[in-house]
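Trainee: Would you be able to build a 3D model of this:
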Amino acid sequence: MIQFVEGRLCAAFLLVALVAGCGGGGGGGGDTAPEAVPAADYYPLHTGDRRAYESAYSDGTKFRYAIAVGAATTVNGQTGFPEQLQAPNAVQSDSQVLVKTESGVRLIVPGADGTFEMIRLPASVGMAYAQHFSASGEDIDQDQVADVETYDIASTVAGLETVETPAGRFERALHMRHQITVNTRRSTDGVVVTGVFTNDYWFAPGVGMVRQGGLSSDGEGGDIVLLAHKIDGRSTDTTAPRLTNVSPGAGQVAPDGTRIRLQFDEPLMEADVAVSAVTVRDSTGIAVPLSSYSPLANEIALTNLDRWQSGTYTVEVGTGLTDLMGNPVAPFTHTVTIDASRTGVSWTTPLDGDPAATLKSGFRAGFSTLLDSASVPGSVVLREGNTVVATTVTHPGGSSNYLEIAPATALKPLTTYTVTFPTLKDSAGNPVVQLAPWTFTTAATVTASAKVTAAVRRPLAMR
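Mentor: Predicted coordinates:
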């Protein structure tokens, strides 16, 4: 899974914690014999299996991703199945290898002198076992040398419990708890940095991991729950993503600088490479050069790399866009009308729609033509809901076509703000056209997008 450890996100199912407060299991007491764990397949592994999850952090950030099972492979003389983490908007995806035998499920840890035993079988409630190994770890002192990490793990079969997630209700899920102590020796000075993490996992027979929880020694926490799954060809989600909004909409005449935005009812896996699946053509049928970004995992924003010319354009969405479970978006077309003589907002920092904007001193908005400096004072309205937030607005003047906007007071975390330009004019004295407010939500300490970026930049296991 995706795990936040010592200020960084790790995309591994297992060893370092991410989540807070997940109930305890049970166990035998007194003269009562411990309950035996029923024989079952607690971690199905078939080529093509897929599980979709949502991570929710204690700081309020959330994101969704999928885990896909690849073809069997051999690593260090052991045959297992690679699991690939696939996050929307990720620049790459990473994988880890799991080995399943009659004695349980183990994770092959890259560069380690041992494996991590996720599930040990046969088992009974209350059974405990210890694990220890070393691995080549993070370069925490940034000297270009991987620091050595040692792992001491106290594992316990915590219980057989009922778990409910958006994917359903799972009876008698196997609850495993792993308390992990990681000692990292810095190569520069030999100082050992210690982290302690408690991870809880619930595995449902015939499904796999349905929930993960835990808590790190520095108080970082969150929760992971199963959204949907496809096991051995049988999927719980076969519904295609649905288009919910297109901007500019039908009947609107958009200004120069316009971004075309497509919004869907769920995250898309390939939203960051939308230019390969979306085409915009002018009235003569010539394709417009595009770039794309996704402020949200369920949204695609398209930018014309050339200047818009006045006229009608056709947006064509073909094959190639899918949701987390691989269901494809149905092809569709949409018509956009542009009046290039009208000045519009061409870019913003943070991005319009950003769900986790980090704002230190202020932000900027750029426009498709030069501005009238005399119209700048009082032309920017920043709002939190219906409340206007005071700002200082600076226009460099001359040939500059952007504004610098500084709030008079620090913006609140995890709060949505809107920006409008009701009285701003271009250098010809024409009003700047804004079809919809510029909207963003401020981040907590660490943004969800930063977590995803960190996840796909790092090796998966044990990091």
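Trainee: Please make it C-alpha for all contacts and neighbour counts, starting now.
Mentor: Noted.
Trainee: Run through the strands of the stretch 151-300 of the chain in chain order.
Mentor: Ranges of strands within the stretch 151-300 of the chain are 168-185, 192-204, 208-216, 221-231, 234-235, 243-247, 253-255, 260-264, 278-281, 290-293, 299-304, based on DSSP state E, counting those that start in this stretch.
Trainee: and these, which is most packed in?
Mentor: Neighbour counts averaged per stretch over the strands of the stretch 151-300 of the chain are highest for strand 208-216, at a mean of 25; criterion: mean count of other C-alpha atoms under 10 Å.
Trainee: just to revisit the earlier point, do you know which of the strands of the stretch 151-300 of the chain lies nearest S399?
Mentor: In terms of C-alpha to C-alpha, the element of the strands of the stretch 151-300 of the chain nearest to S399 is strand 253-255, at 20.0 Å.
Trainee: Adjacent strands (with direction) for the closest one?
Mentor: Here the strand partners of strand 253-255, with direction, are listed using DSSP bridges: strand 332-339 (parallel).
Trainee: Please name every helix or strand in contact with whatever helix or strand comes next after the partner strand.
Mentor: From strand 332-339 onward toward the C-terminus, using DSSP states H and E, the following helix or strand is strand 345-349. Counting by 3 or more C-alpha pairs under 8 Å, 6 or more residues apart in numbering; DSSP states H and E, the packing neighbours recorded for strand 345-349 are strand 363-367.
Trainee: how about a cut-off of 10 Å?
Mentor: Under the contact criterion of 3 or more C-alpha pairs under 10 Å, 6 or more residues apart in numbering; DSSP states H and E, strand 345-349 touches strand 299-304, strand 363-367, strand 402-407, strand 438-441.
Trainee: Let me have the strands of the stretch 151-300 of the chain in JSON lines, extended by mean pLDDT and distance to S155.
Mentor: Below are these laid out as JSON lines (pLDDT from 0 to 100; distance: least, C-alpha to C-alpha, whole Å):
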{"stretch": "strand 168-185", "mean pLDDT": "94", "distance to S155": "4"}
{"stretch": "strand 192-204", "mean pLDDT": "91", "distance to S155": "10"}
{"stretch": "strand 208-216", "mean pLDDT": "85", "distance to S155": "13"}
{"stretch": "strand 221-231", "mean pLDDT": "91", "distance to S155": "19"}
{"stretch": "strand 234-235", "mean pLDDT": "96", "distance to S155": "32"}
{"stretch": "strand 243-247", "mean pLDDT": "93", "distance to S155": "45"}
{"stretch": "strand 253-255", "mean pLDDT": "95", "distance to S155": "60"}
{"stretch": "strand 260-264", "mean pLDDT": "92", "distance to S155": "42"}
{"stretch": "strand 278-281", "mean pLDDT": "92", "distance to S155": "49"}
{"stretch": "strand 290-293", "mean pLDDT": "82", "distance to S155": "43"}
{"stretch": "strand 299-304", "mean pLDDT": "89", "distance to S155": "41"}
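Trainee: Can you say which of the ones you listed is nearest to A56?
Mentor: Closest to A56 of the strands of the stretch 151-300 of the chain is strand 221-231 (C-alpha to C-alpha; 5.1 Å).
Trainee: Return the list of helices and strands in contact with that closest one.
Mentor: strand 2-5, strand 50-57, strand 62-69, strand 148-165, strand 168-185, strand 192-204, strand 208-216.
Trainee: ok, the second one: who's next to it in the sheet?
Mentor: It stands for strand 50-57. Next to strand 50-57 in the sheet, as set by DSSP bridges, lie strand 62-69 (antiparallel), strand 221-231 (antiparallel).
Trainee: Averaged pLDDT, the first one. What do you get?
Mentor: Along strand 62-69, the predicted confidence averages to a pLDDT of 88.
Trainee: Next SSE downstream of it?
Mentor: strand 73-75.
Trainee: Going by contacts, tell me the helices and strands next to that next one.
Mentor: Contact analysis of strand 73-75 by 3+ C-alpha pairs under 10 Å, 6+ apart lists strand 78-86, strand 94-101 as its packing neighbours.
Trainee: and of the strands paired with strand 50-57, who's closest to L45?
Mentor: Distances from L45 to each of the strands paired with strand 50-57 were compared by C-alpha to C-alpha, and the smallest falls on strand 62-69, at 6.9 Å.
Trainee: just the angle between that closest one and strand 78-86, please?
Mentor: Orientation note: strand 62-69 sits at an angle of 150 degrees relative to strand 78-86 (axes from the mean of the first three to the mean of the last three C-alpha atoms, to 10 degrees).
Trainee: Okay, angle between strand 62-69 and strand 94-101 too, please.
Mentor: Orientation check (the same axes, to 10 degrees): strand 62-69 against strand 94-101 gives 50 degrees.
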